[in-house]
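[1] here is a sequence together with a model predicted from it:
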Amino acid sequence: MTEPTDGTGRRIYTNRTLNLRALRAIGYDMDYTLIHYRVKEWESLAYRYVKERLLKRGWPVESMEFEPDRFIRGLMIDTELGNIVKANRFGYPKRATHGTRVLGFDELRSAYARQMVELSDPRFRFLNTLFSLSEACWFSQLVDCLDEGQLSGVRDYRDLSHLLRFEVDEAHVEGRLKAEIVAHPEKFVELDPDTALALLDQKRAGKKLMLITNSEWSYTQAMMQYAFDPFLTGMTWQALFDLIIVDAQKPAFFTATNPIYEVVSAEGLLRTVRRPVELGKVYQGGHVALIEEGLGCSGDDILYVGDHLFGDVQVSKRIQRWRTALVLRELEHEVEEVSSFYDAQKTLEALMGEKEAMEQQSAQLRLKLQRIQGGYGPRASQSEEELRDEMAALRDRLQHLDVQIAPLAKAVGTISNPYWGQLMRTGNDKSQLARQVERYADVYMSRVSNFLGPTPFAYLRSSRGSLPHDPLIGDP
Ligand code: 5GP
Ligand code: MG
């Protein structure tokens, strides 16, 4: 077994202190949470099924291909301008593409001079999960086609985004895509033998375990069997869970009162439920109040672990006050890359420190000059000419420094993804995704088996965090 170690992205990262020992129940999402897919394979397949549908519309998409690294989770589709945008925690766009073309600095500024990127604004659609990547790729490629007047039946980018959403949705529900996954799970699933043990540890530590997935029963059963049964001895995956809810229809599961049915046979035969939900059974649909009643616990007794920032984490936290954990598999690769960049990052910070000091010096000189010219304020010890010479010298040094900074800043900005950089950062600042994670996910991690490290008895403490007015280390 691989022991999770620091520097590999295999830790549990804590935003809000969480006492695992005090939890009474833990719910798990399935897709991209308990089961991790090879993103390139899964999304290529989804892309192909969408392509079939678009070709039927007579759209010229035959030669188009899925580009797995072109987009990342946490970006926003701007359905008005046909852009895909990465914003910082304040909602200011920092990078963007129009269609497949990267927007230059001035274009970006003028496009969003009066427009913040807000999650609550229906104009923008957040890429919440790894299932969003093929859709983002399609959107960008189709915007190019629309700009060239090649798409019939859509008037603008908004129309296009609605139609694409419909086609992606249909590709997911029509059944052929899932049938292909079920027929060859080895092609699509990246197994993690440690996940079963992590859940077993929690179960034996007295937690009630739940599976709450939007996938339908037949798919859930096939995938869980493939991903868990080989790593369990003397039991099957179903015995791990006290409650199994399929076709949960999250986020409505957390916000509405959908009807519930019991799944009474392996083939998925349904029965109407008249009594409270009972532990040990499989249900379809339903809603959170029924589950809390069945478990005999509620709110912060329960931790829910999922990969969908909105459907799994935001609503369960905001509406139900459940404790929440977000799974971000991309972090693993990212943390490794950031670690390997440590020395370059340190050099960059030192150079930026120097630059800041010089800029401050330059501002002081300029002010002295202004006061001399304006004939006000304290008398300067240098003449106007001396000040100008000093400013020119400083400008040269700053230019020299910028030459050193530029390649380092560029390299740091392309860590993890060449177009968009790191998931949780925009330059030095936090990204919009980071803000959402901070707000709604009590903890986050790259995969569920990272729970093995802290054990089910751990007290996960949040770090103190930093504030702009904290004294700098080394300050007198
Ligand atoms: P969960 O993550 O809740 O276990 O399940 C996610 C399910 O939602 C998977 O079955 C996946 O195929 C499905 N899914 C992902 N994206 C879409 C989508 O855009 N439309 C629909 N209808 N289903 C989706
Ligand atoms: Mg999921």
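    Perfect, thanks for sending it. Ligands and ions are numbered 1, 2, ... in the order given.

[2] longest helix in this protein, please.
    Counting by DSSP state H, the longest helix found in the chain is helix 342-374.

[3] can you pull the residues of the stretch 1-150 of the chain lying near ligand 1?
    Neighbours of ligand 1 within the stretch 1-150 of the chain, by Cβ under 6 Å from any ligand atom: Asp29, Met30, Asp31, Tyr32, Phe131. Just so you know, the C-beta spots here come from the backbone N, C-alpha and C atoms, and that holds for glycine as well.

[4] measure the last one to Ile181 for me?
    Spelled out, that is Phe131. To Ile181, Phe131 is 12 Å away according to Cβ to Cβ, to the nearest Å.

[5] looks like Gln404 contacts Glu354 (just checking).
    No: in terms of Cβ atoms under 8 Å, Gln404 does not count as a neighbour of Glu354; the distance is 9.4 Å.

[6] count of neighbours near the closest residue to ligand 2 within the stretch 201-350 of the chain?
    Going by Cβ to the ion, ligand 2 is nearest to Asp307 of the stretch 201-350 of the chain, at 4.4 Å. Neighbourhood size, Asp307 [other Cβ atoms under 10 Å]: 26.

[7] quick one: residues contacting it.
    With contact taken as Cβ atoms under 8 Å, 6 or more residues apart in numbering, Asp307 is in contact with Asp29, Asp31, Tyr32, Thr33, Thr129, Leu130, Leu326, Val327, Leu328, Arg329.

[8] top of those by neighbour count?
    Neighbour-wise, the contacts of Asp307 (other Cβ under 10 Å) top out at Asp29, 28 neighbours.

[9] bridged to the closest residue to that one other than its chain neighbours, which residues?
    Spatial nearest neighbour of Asp29, excluding adjacent residues (Cβ to Cβ, 6 or more residues apart in numbering): Gly306 at 3.5 Å. Beta bridges link Gly306 to Leu326, judged by DSSP bridges.

[10] ok, and the closest non-adjacent residue to Leu81?
    Leaving aside its chain neighbours, Leu81 sits nearest to Ala111 (6.1 Å; criterion: Cβ to Cβ, 6+ apart).

[11] my guess is the one you found contacts Asn83. True?
    Yes: counting by Cβ under 8 Å, Ala111 touches Asn83, with 6.9 Å between them.

[12] shared neighbours, those two?
    Ala96, Leu103.

[13] show me which of these two is the more surrounded one.
    It is Asn83, of Ala111 and Asn83, that has more neighbours when counted by other Cβ under 10 Å, with 27 against 17.

[14] contact partners for the residue nearest to Leu81?
    With the criterion set at Cβ under 8 Å, 6+ apart, Ala111 makes contact with Leu81, Asn83, Pro93, Ala96, Leu103.

[15] please apply the same query to Asn19.
    With Cβ under 8 Å, 6+ apart, Asn19 has these contacts: Tyr459, Leu460.

[16] torsion angles phi and psi at it?
    phi -90, psi 100 (degrees, to the nearest 10).

[17] what sits closest to Glu438 if chain neighbours are left out?
    Asn15 is the one closest to Glu438 (Cβ to Cβ, 6+ apart), at 5.4 Å.

[18] sorry, that was for Leu197
    Spatially, and ignoring its direct neighbours in sequence, Leu197 is nearest to Leu452 (6.7 Å; Cβ to Cβ, 6+ apart).

[19] how many neighbours does the residue nearest to Glu438 have?
    Close neighbours of Asn15, defined as other Cβ under 10 Å, add up to 19.

[20] my read: it touches Arg435, true?
    No: assessed by Cβ under 8 Å, Asn15 is found out of contact with Arg435, at 11.0 Å.

[21] what stretches of the protein score poorly on pLDDT?
    1-7, 473-476 (pLDDT under 70).

[22] what do you get if the cut-off is 50, keeping everything else the same?
    1-5 (pLDDT under 50).

[23] can you list the residues of it near ligand 2?
    Asp29, Asp31, Tyr32, Asp307 (Cβ under 5 Å from the ion).

[24] repeat that for 6 Å
    Asp29, Asp31, Tyr32, Thr33, Gly306, Asp307, His308 (Cβ under 6 Å from the ion).

[25] who's in contact with the fifth one?
    The reference is to Gly306. Here Gly306 is in contact with Tyr28, Asp29, Thr33, Lys250, Asp312, Val313, Ser316, Thr324, Ala325, Leu326, Val327 (Cβ under 8 Å, 6+ apart).
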